[in-house]
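S.K.: Build me a structure from this.
(chains A and B)
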Amino acid sequence: MKKAQEHTAPKKYGMVIDLDKCTGCGACMAACMAENNVPFREDETDKNLSITWLRVYKLTNGKKFPNADVCYLPRPCMHCEGHHGHSPCVSVCPATATDYSYDTGIVSQIYTRCFGCRYCMAACPYHVRYFNWWDPVWPEGMEKMLSPNVSVRTRGVVEKCSFCFHRYQIAMEKVRYEGRAELAEDEYQTACTQACPANAITFGDLNNHDHAVYKLKTHPDAFRLLERLGTNPKVYYISSREWVRRQGDNYLENEGKVVAKAH
Amino acid sequence: MSELTYTEIDATVLNTLTPPKRAYWLTVAALAAGILIGLSCWIYQIFVGIGVGGQNNPVGWGTYLINFVFWVGIAHSGTLISAILYLFRAGWRNPIARAAETMTVFAVCTAGLFPLIHLGRVWLVYYMLPYPNQRYLWPNFQSPLVFDLVAISTYLTVSSLFWFTGMLPDLAAARDRAAGWRRRFYKILSLGWTGEHEQWRHYTRGYLFFAALATPLVISVHSVVSWDFALAVVPGWHSTIFAPYFVAGAIHSGLAMVLTLMIPLRAIFDYKRIITDDVLENVAKTIIFTGLIVGFAYATEYFIAWYSHNEIEIESFRWRALGDYSLEFWIMVVCNSLVPLLFFFKKYRRSTPWLFGISILINVGMWFERFVIIVGGPAHDFIPHAWGLYTPSAVEMGIMLGTFCLFFFLFLLFVKHLPSVSMTEMKETLEKGSAHGS
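M.R.: So this is what the prediction gives:
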């Protein structure tokens, strides 16, 4: 079993989201909140104070009818690789409460280690990180629905999308128990991927030839958010519409085709 | 200064240490009440959560870090005056060096509170320290916040030692004049100073070395503070000019605070012959210089935004001047770089009311500079969907009130209990051409 583990190539989990398929229904957001015990408040009118690990943004092309067009863009944590794991949030955390895993390519958040300086929130260009401004409270009865696989967070710590890392841990336990070398693609999937009714989200190992994401990320219409910032994110988007791809980064009017550069 | 004699200096300075009047204690009590308000706001925040403040998702850094940078900035010109100008033998700094250095020590103490107040779980702040533990967990030495911890604690240590060392002969002079418990108090503080030749030899060497040690800290500490911002990718923060920009701003605000403190001090304590109009005029002249650097930095930021052709950078700076926080931005520009230009005219440099008024305006302007940078950056950065605004809440204002009261509380205690002008250095420079006279 030890030998089998040594031969496993380092994994790099990532996501490809097809924006042409996304209808903006928000099922991924709901699935994510339920799966990860994300707290909510009675009054969620101020979205700047609420926690949503995955949030669906609405993009518009700014044109009038009949040329108006809309695109919905689900935004999980990008799990930036940066240069050799130096993602913007990981390098600024003073307590090493967030870390880049070279085994999975997942940017972790260790709630017990975080003391809430919020530097990672300021440093994250995608604003995927959320702070627990208060202690989480669930309406009576709802606390019984909390997932036992995910720890609930106290006030004063930062949290964010973990690519449902607890599912990876459970799947790997099974793999090790059965003495297998590899984790199959369908054994580890995120909640949002499974919840998407339009099959817009594909999740898998970007380094593995057999996984669907491996091919999809080289799609000619693939792009990444803020590509030019050098954050090297692991979430790819696909859109056949040029204006959507251009909005992914600060492209100038007269620039050529927008593509994802690092594969 | 030549009309003063040794006895007159001793008498003027030591007379300030006579038992204070009722009005003094009432002011001290009022400030203590302000500190209690701040303390109770902080305790409330610890028990309920940071949500009692106005911070939100794009703007996770609010008044706590604004005040942190503000007070660290104030601290800097104390050391500039006491250490750098000492090494440059600028004799005019002698009458205000002690009070300015005291301002440094208390401002660093006040500043040091803010990162603690800011934390979501302040009771775990020891995670910043590299202590041995079973899990081999270390602080992340790449994080500018860890740089900050090192920089600020070094600064506090060096500046308080420098402050205390410089005060030893004066404490002994106070001891020799005092009686009763005051005598015992100064006896302990003066560490057995007798004024022997050997002691003076060690003292002058020690003072010089501390000045030399403190000098690089003036540059380094605020550079490190600026990297908290410059090392994050946020537009408006991620800039190479930040270190010199922040150091100049720090000295600018600190010099203004020196004027704000010295003008009432010399009025109340009859220091007019010691802290002369010439001294204040020299501070005002230095303020012109720092004000011009700060104004140049503002212009450079706009030039670079335009020159970069980067849409995000351009939008970020357009929004600063014309967007939701444009009022704060223009307060910053007018108070920091335009108002100090009045000091080009001798009339304003030599008029105490003008000096005082302008110094207050610069303090306000420098506070808003930190607001514009710290709040303005993340509030309006890369992803338009994540844009948001920030308004400080009442709890944050209470904490801010408390810390301002704390600073003035400590300073008031200082002026009545410790010699607020360095008698030693005043005497050294009585004769022209002496040690480091003007």
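
S.K.: hang on, residue A:204 in a strand?
M.R.: Yes - inclusion of residue A:204 in a strand is indicated when DSSP: H, G, I helix; E, B strand; the rest coil is applied.

S.K.: Look up which residues are beta-bridged to it.
M.R.: Beta-bridge partners of residue A:204, counted by DSSP bridges, are residue A:14.

S.K.: these two touch, right, it and residue A:211?
M.R.: Yes - Residue A:204 lies in contact with residue A:211 (CB atoms under 8 Å); the separation is 3.4 Å. The way it works is simple: take the backbone N, C-alpha and C, and place the C-beta from them, glycine included.

S.K.: for the residue lying closest to residue B:86 once chain neighbours are set aside, what are its contacts?
M.R.: Of all residues not flanking residue B:86 in the chain, residue B:211 sits nearest, at 4.8 Å (CB to CB, 6 or more residues apart in numbering or on different chains). Contacts here follow CB atoms under 8 Å, 6 or more residues apart in numbering or on different chains; on that basis residue B:211 touches B:82-84, B:86-87, B:162.

S.K.: same thing but 7 Å
M.R.: Residue B:211 makes contacts with B:83, B:86-87, as judged by CB atoms under 7 Å, 6 or more residues apart in numbering or on different chains.

S.K.: top of those residues by neighbour count?
M.R.: Neighbour counts for these, by other CB atoms under 10 Å in any protein chain shown, peak at residue B:83, which reaches 29 neighbours.

S.K.: quick one: it from residue B:252, how far?
M.R.: To residue B:252, residue B:83 is 18 Å away according to CB to CB, to the nearest Å.

S.K.: what pLDDT does the residue nearest to residue B:86 get?
M.R.: Residue B:211 carries a pLDDT value of 89.

S.K.: what's the offset of whichever helix or strand it is part of from the middle of its chain?
M.R.: Taking DSSP states H and E as the criterion, residue B:211 maps to helix B:197-230. Distance, stretch centre to chain centre, for helix B:197-230: 15 Å (CA atoms, centre = their mean, to the nearest Å).

S.K.: try stretch B:97-111
M.R.: Taking CA atoms, centre = their mean, the mean C-alpha location of stretch B:97-111 is offset from the chain mean by 6 Å.

S.K.: Report how many residues lie close to residue 103.
M.R.: The chain I'm using is chain A. By other CB under 10 Å, neighbour count at residue A:103 equals 12.

S.K.: My question was about chain B, not that one.
M.R.: When neighbours are counted by other CB under 10 Å, residue B:103 registers 29.

S.K.: shouldn't it be in contact with residue B:257?
M.R.: Yes - with contact defined as CB atoms under 7 Å, residue B:103 and residue B:257 form a contacting pair (6.4 Å).

S.K.: which residues are in contact with both of the two?
M.R.: residue B:74.

S.K.: could you measure the residue nearest to the spatial centre of chain B against chain A, distance?
M.R.: Chain B has residue B:74 as the residue nearest its centroid, 1.8 Å off, counting by CA atoms, centre = their mean. Residue B:74 sits 22 Å away from chain A, going by CB to the nearest CB, to the nearest Å.

S.K.: isn't that residue right up against residue B:253?
M.R.: Yes - between residue B:74 and residue B:253 a contact is recorded at 5.8 Å, counting by CB under 7 Å.

S.K.: Which pLDDT does the model give the closest residue to chain B within the stretch 1-150 of chain A?
M.R.: Relative to chain B, the nearest point of the stretch 1-150 of chain A is residue A:116 (1.9 Å; CB to the nearest CB). The score at residue A:116 is 93. That number is its pLDDT.

S.K.: now it, what's its secondary structure?
M.R.: Residue A:116 is classified as coil under three-state DSSP.

S.K.: Nearest spatial neighbour of it, chain-adjacent residues omitted?
M.R.: Per CB to CB, 6+ apart, closest to residue A:116 is residue B:120, 1.9 Å.

S.K.: That neighbour falls within a helix, correct?
M.R.: No - counting by three-state DSSP, residue B:120 is not part of a helix but coil.
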